[in-house]
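**Student:** Need the 3D shape of this:
(2 chains)
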Amino acid sequence: MTLKIPVVRDILEANERLAEDNRRVFRQAGILVINLMSGPGAGKTSLLERTIDALRHEIRIGVIEGDIQSSYDAERIAKKGVQVVQLNTGGACHLDGNMIKSSLDALDLDTLDLLVVENVGNLVCPAEFNVGEDMKAMILSVPEGDDKPLKYPLMFQESRVLLINKIDLLPYVDCDVGKIRERALQLNANLEIFEISCRTGEGLDGWAEWLRQQVSARKAGGDGAET
Amino acid sequence: MHEMSIAQSVLDIILQESRNHQVTRVLSVALKVGELSAVETESLRFCFELLTKGTPAEGAQLDIERVQVTCRCQDCGSNFTVRELVFSCPACQGVRVKMLSGRELSVESFEAE
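**Tutor:** Numbers count the residues shown, from 1 in each chain, chains lettered A, B, ... in the order given. I've put the predicted structure just below:
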């Protein structure tokens, strides 16, 4: 006999549970956690290097580096003298709650104010998997083109912050920053947008100041994080 | 390409529910997938077929219902369907909107014997 069995379960429920476990741990430690996402080569690690340089004397920063292979990025970050853990996903296109959970033992959370999870370079999959973060931040670099919000809407919709990187290259590429802004804000009217160049340093002061405010909001207690 | 992990989660849920309901063979599985979910349905079918080999769900068909993106305007209260990824209210042009549907990724039911 054929039975129809109702289920109604979220497919990602197992990941959501783990992300929630992580979130509790982070809240308890009073840490602001940012899930940093972008396509490959948009400048995630460069942004981290710049951010650490700008804030290291006032904010204690830790980094979880997610890559399919290699520890190249973690070595770059370790040179800055901050706590860093390298996660290799071994082929998987995104980090999930379980991977983050397993990496937490390697970090001394009580000595951190800000933890940045640098996700695998990919504009699609990481947006679907929470890892226990307070907010998602994404980078789009101008050589990637101003059509990206139209092609990868979920990431723009899920993010709290959009960093438009490599603006020093604008004279050489066909990319209209106004169009990126307009298209991104149509998807997500609450998106905080910064135009930056990790190469020249342009625009990074605004980002650092915003981040400073977010970290103090978290320190001041409550869910903080939002301005 | 995270369809493999999605397919694995679907299979985990179905096998667990099969044990709970003491059924031994899964014939079909009904899923809801929001239009905004980053899931490629053909790829999901392919991964599901691979993963179910040798399990009670081998050969089971995936019935995938795509769910439109709909929102409610927080300013004027009207509900609307999002077309061409514009999340502003067509009635009042407001941008304070709450998404009602479009992010679904769920196992709704399955048929088994």
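
**Student:** what comes into contact with the helix ranked longest in chain B?
**Tutor:** For chain B, the longest helix by residue count, based on DSSP state H, is helix B:3-20. Contacting residues not belonging to helix B:3-20 are listed as A:5, A:7, A:9, A:11-15, A:92, A:96, B:24, B:26, B:29, B:31, B:39-40, B:43-44, B:46-48, B:50-52, B:55-57, B:60, B:62, B:105, B:107, B:110, B:112 [Cβ atoms under 8 Å, 6 or more residues apart in numbering or on different chains]. To be clear about C-beta, it is placed using only N, CA and C from the backbone, and glycine gets the same treatment.

**Student:** Residue 82: what's it in contact with?
**Tutor:** Using chain A here. Residue A:82 is in contact with A:52, A:56, A:60-63, counting by Cβ under 8 Å, 6+ apart.

**Student:** Can you look at chain B instead?
**Tutor:** B:68-71, B:102.

**Student:** at 7 Å what do you get?
**Tutor:** B:69-71, B:102 (Cβ atoms under 7 Å, 6 or more residues apart in numbering or on different chains).

**Student:** Okay, now the unreliable bits of chain A?
**Tutor:** A:222-227 (pLDDT under 70).

**Student:** centroid residue for it?
**Tutor:** residue A:36 (1.3 Å; Cα atoms, centre = their mean).

**Student:** Residue numbers of chain A in contact with chain B?
**Tutor:** A:1-12, A:14, A:93-94, A:124-125, A:127-128, A:150, A:153-154, A:157, A:186-187, A:189 (Cβ under 7 Å from any Cβ of the partner chain).

**Student:** Could you report the distance from the nearest residue to residue B:47 once chain neighbours are set aside to residue A:78?
**Tutor:** In this structure, residue B:47 finds its nearest non-sequential neighbour in residue B:7, 3.8 Å apart by Cβ to Cβ, 6 or more residues apart in numbering or on different chains. Computed as Cβ to Cβ, to the nearest Å, the residue B:7 to residue A:78 distance reads 36 Å.

**Student:** More neighbours: the two, which one.
**Tutor:** residue B:7 (23 against 15; other Cβ atoms under 10 Å in any protein chain shown).

**Student:** Is residue 64 bridged to anything, and to what?
**Tutor:** Using chain A here. residue A:85, residue A:117 (DSSP bridges).

**Student:** meant chain B actually
**Tutor:** Beta bridges link residue B:64 to residue B:31 when assigned by DSSP bridges.

**Student:** ok, which stretches of chain B are helices?
**Tutor:** Going by DSSP H, chain B shows helices at B:3-20, B:41-52.
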